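Undergrad: Provided below for reference: sequence and predicted model.
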Amino acid sequence: METDDFSIKRFLKYISEGELKGLKCNKCSNIIAPPRLKCNICGSSEFKWVDLSGKSRLLTYTIIHVPPKKFASESPYAIGIVQLDEGPRLEARITGFDINKHAQILKNGVELVFEPIPSGILSFKPLI
Ligand SMILES: [Zn+2]
């Protein structure tokens with residue numbers, strides 16, 4: 001495959017081969033993943049592929065209990081925003097944890113945690 005194929009299709013092909021790659025902007029060095037037509041910082045469309053680690057911070061996530069029809073059989077599932085160590089943020093499925101146990105929080109309820117509250121924000125814990 002051509003090295004100047006900066007398509008989503010190529011991005012997904014790399015992942016299917018066990019590699020996570022992003023685009024590095026030749027002009028400003030911004031790292032982009034998944035690929036886009038132009039750099040979101042400087043507008044350039046000259047890139048090269050670079051290896052990304054896949055290590056990320058989970059910035060936020062939510063559990064989907066009422067999904068679109070095509071994902072109905074997969075409910076409940078988690079969707080989150082991850083920020084790769086190299087910078088790009090992606091929306092992604094979050095897997096590998098006991099989502100049903102997590103979902104029980106909604107079913108079973110929560111109770112107040114009696115603790116000092118310097119921030120003024122109360123804490124509640126799951127009744128699991
Ligand atoms: Zn750029």
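TA: Received it, and whenever you're ready, just let me know what you need. Numbering: from 1, shown residues only.
Undergrad: The helix or strand of the chain with the lowest mean pLDDT - contacts with which helices or strands?
TA: None of the helices or strands of the chain scores lower by mean pLDDT, DSSP states H and E than helix 99-108, at a mean of 77. Helix 99-108 sits against strand 56-64, strand 77-84, strand 124-126, with contacts defined as 3 or more C-beta pairs under 8 Å, 6 or more residues apart in numbering; DSSP states H and E. Every residue, glycine included, has its C-beta placed from N, CA and C.
Undergrad: closest one to residue 5 among those?
TA: Closest approach to residue 5 among the helices and strands packed on helix 99-108 (C-beta to C-beta): strand 77-84, 21.1 Å.
Undergrad: Going by neighbour count, which residues in that closest one are buried?
TA: Across strand 77-84, burial judged by 16 or more other C-beta atoms under 10 Å covers 77-78, 80-82, 84.
Undergrad: Dump the residues you listed to JSON lines, plus distance to the ion and pLDDT.
TA: What follows is the buried residues of strand 77-84, written out as JSON lines (distance: C-beta to the ion, whole Å; pLDDT from 0 to 100):
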{"residue": "77", "distance to the ion": "34", "pLDDT": "90"}
{"residue": "78", "distance to the ion": "32", "pLDDT": "91"}
{"residue": "80", "distance to the ion": "26", "pLDDT": "92"}
{"residue": "81", "distance to the ion": "22", "pLDDT": "93"}
{"residue": "82", "distance to the ion": "22", "pLDDT": "93"}
{"residue": "84", "distance to the ion": "17", "pLDDT": "94"}
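Undergrad: Need the max-distance pair from these.
TA: 77 and 84 (21.1 Å).
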